[in-house]
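1. here is a sequence together with a model predicted from it:
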Number of protein chains: 2
Amino acid sequence: MEPRRQAENIIRSSGHHLTPQRLFILEVLEASDGHISAEEIHSRVRPHYPSLHISTIYRTLEMLKELGLATETDLGDGKLRYHLHEKGYHHHLICEKCGKVEELDEAILAPLKAALLRKHRFRADMRHLAIFGRCQGCL
Amino acid sequence: MEPRRQAENIIRSSGHHLTPQRLFILEVLEASDGHISAEEIHSRVRPHYPSLHISTIYRTLEMLKELGLATETDLGDGKLRYHLHEKGYHHHLICEKCGKVEELDEAILAPLKAALLRKHRFRADMRHLAIFGRCQGCL
DNA sequence: GTAAAGGTTGCAAACAGTTGCATCTTGGAC
DNA sequence: GTCCAAGATGCAACTGTTTGCAACCTTTAC
């Protein structure tokens, strides 16, 4: 089933309003393949909805984060990126030298999550982890 | 030996100038016990050096990061914190609900670092890791 | 349908942090 | 000590993001 429909239900049933602005933002998020910034969302929505303010986008993204529908990632270039995570979580390895971004499967973090829970009784919510360092070519 | 002296030598020998501004900033960083924001550094330096501009503080912190002398941490409250890390690295567990910050020893990350190097040939530089989630009381 | 309650929007202003640039300072060579 | 090149500073302008607030819209109850 369409993930946007799912998202709409979750927004409604959590007591939030389903506004046209939010529908446009969800549409852009769903249509975008990768990670998209607030400003990119804005420029894609503007043709269809010129008065939609960038602060509404930030507030919608904040709400989607809180509902567990979207993930925020800091790729280290000064702006945050967002994506709906219908397709499961993943993480990023970012090379501090050449800027290359590699995707990282969630599984590799499982032992760390388990250790944090066992030793610190802390349930880590690692949906947006960015790990900086040096890639193979820049070691 | 005093860590500030060490830092001064590293700054000099890396081709950077040792300016009074930088000495004041180092002094504040050394005197501060925990994690301090750029604005806090500014207000502590201002009495002694009113013209020292906040952008100089940001640029000094950037240099200290690059030289491996200071660490930047995002504790999730909208401003970045800094500390000299003469005392070894450590990380943070931050509760998304109550905001509690717990320190985390570096050792717990060793298996993850090893796995990243082995499977991705990526040398992770995890000096500033903040892990968000729920603490024991807020599970 | 209408009304009320509460959530949401657009706007402007604020905030943390960064950047371009002219001026000044530091460290090194002499 | 003087001179010079490279680096650093202060300032103002800018970027990305957040926030306070009045006006507005969505939802639920009737």
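-> Yep, that arrived. Worth saying up front: this structure is predicted, and the values here are computed from it rather than measured.
2. quick check: the gap between the residue nearest in space to the middle of chain A and DNA strand D.
-> What sits nearest the mean C-alpha location of chain A, by C-alpha atoms, centre = their mean, is A:Thr71, with 2.3 Å. To DNA strand D, A:Thr71 is 13 Å away according to C-beta to the nearest atom of the strand, to the nearest Å. For the C-beta atoms, the positions are set from N, CA and C on the backbone; glycine is no exception.
3. residues contacting that residue?
-> By C-beta atoms under 8 Å, 6 or more residues apart in numbering or on different chains, the contact list for A:Thr71 reads A:Lys65, A:Tyr82, A:His83, A:His85, A:Tyr89, A:Arg127, A:His128.
4. name the helix or strand for it, please.
-> strand A:70-74 (DSSP states H and E).
5. any idea of the mean pLDDT for that strand?
-> For strand A:70-74, the mean pLDDT works out to 91.
6. do the following helix or strand past that strand and DNA strand D meet?
-> In the C-terminal direction, the helix or strand that comes right after strand A:70-74 (DSSP H and E) is strand A:80-84. Yes - Strand A:80-84 is in contact with DNA strand D by C-beta under 7 Å from any atom of the strand, via A:Leu80.
7. adjacent strands (with direction) for the next helix or strand after strand A:80-84?
-> With elements assigned by DSSP H and E, the helix or strand that comes after strand A:80-84 is strand A:90-95. Strand pairing for strand A:90-95, using DSSP bridges, gives strand A:101-105 (antiparallel), strand A:130-134 (parallel).
8. just give me how far strand A:90-95 sits from the chain centre.
-> Taking C-alpha atoms, centre = their mean, to the nearest Å, one finds strand A:90-95 lying 13 Å from the centre of the chain it belongs to.
9. which residues does that strand contact?
-> Against strand A:90-95 from outside (C-beta under 8 Å, 6+ apart): A:73, A:75-76, A:100-106, A:109, A:126, A:128-135, A:138, B:116, B:120, B:122, B:124.
10. for the strand holding A:Thr71, list the C-alpha coordinates in CSV.
-> Extracted in CSV, the C-alpha atoms of strand A:70-74 (Å, rounded to 0.1, in the frame of the first residue of the first chain):
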residue,chain,number,x,y,z
ALA,A,70,10.9,10.6,8.7
THR,A,71,14.5,10.7,9.5
GLU,A,72,16.8,13.6,9.7
THR,A,73,20.4,13.2,8.7
ASP,A,74,23.4,15.5,9.0
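11. got the angle between it and strand A:101-105?
-> Comparing the axes of strand A:70-74 and strand A:101-105 via axes from the mean of the first three to the mean of the last three C-alpha atoms, to 10 degrees yields an angle of 140 degrees.
12. got the residues of chain A near DNA strand C?
-> So chain A meets DNA strand C at A:15-17, A:19, A:21-22, A:49, A:51-53, A:55-56, A:59-60, A:63, A:78 (C-beta under 7 Å from any atom of the strand).
13. redo that, cut-off 10 Å
-> Residues of chain A lying close to DNA strand C (C-beta under 10 Å from any atom of the strand) are A:11-12, A:14-25, A:45, A:49-60, A:62-63, A:76-78.
14. just those residues: which are in helices?
-> Mapping those onto helices (DSSP state H) picks out A:11-12, A:20-25, A:45, A:54-60, A:62-63.
15. which residue packs closest to A:Arg81, ignoring adjacent ones?
-> A:His35 (3.5 Å; C-beta to C-beta, 6 or more residues apart in numbering or on different chains).
16. quick one, what contacts the one you found?
-> Counted by C-beta under 8 Å, 6+ apart, A:His35 has contacts A:Thr73, A:Leu75, A:Arg81, A:Tyr82, A:His83.
17. just among those residues, which is most surrounded?
-> A:Tyr82 (25 neighbours; other C-beta atoms under 10 Å in any protein chain shown).
18. distance of that one from A:Asp74?
-> 11 Å (C-beta to C-beta, to the nearest Å).
19. name the nearest residue to A:His85, sequence neighbours excluded.
-> Nearest to A:His85 is A:Thr71, by C-beta to C-beta, 6+ apart, at 5.0 Å.
20. quick check: bridge partners of the one you found?
-> Beta-bridge partners of A:Thr71, as defined by DSSP bridges: A:His83.
21. and it, how far is that from DNA strand C?
-> 19 Å.
22. A:Glu30 too?
-> A:Glu30 is 17 Å from DNA strand C, by C-beta to the nearest atom of the strand.
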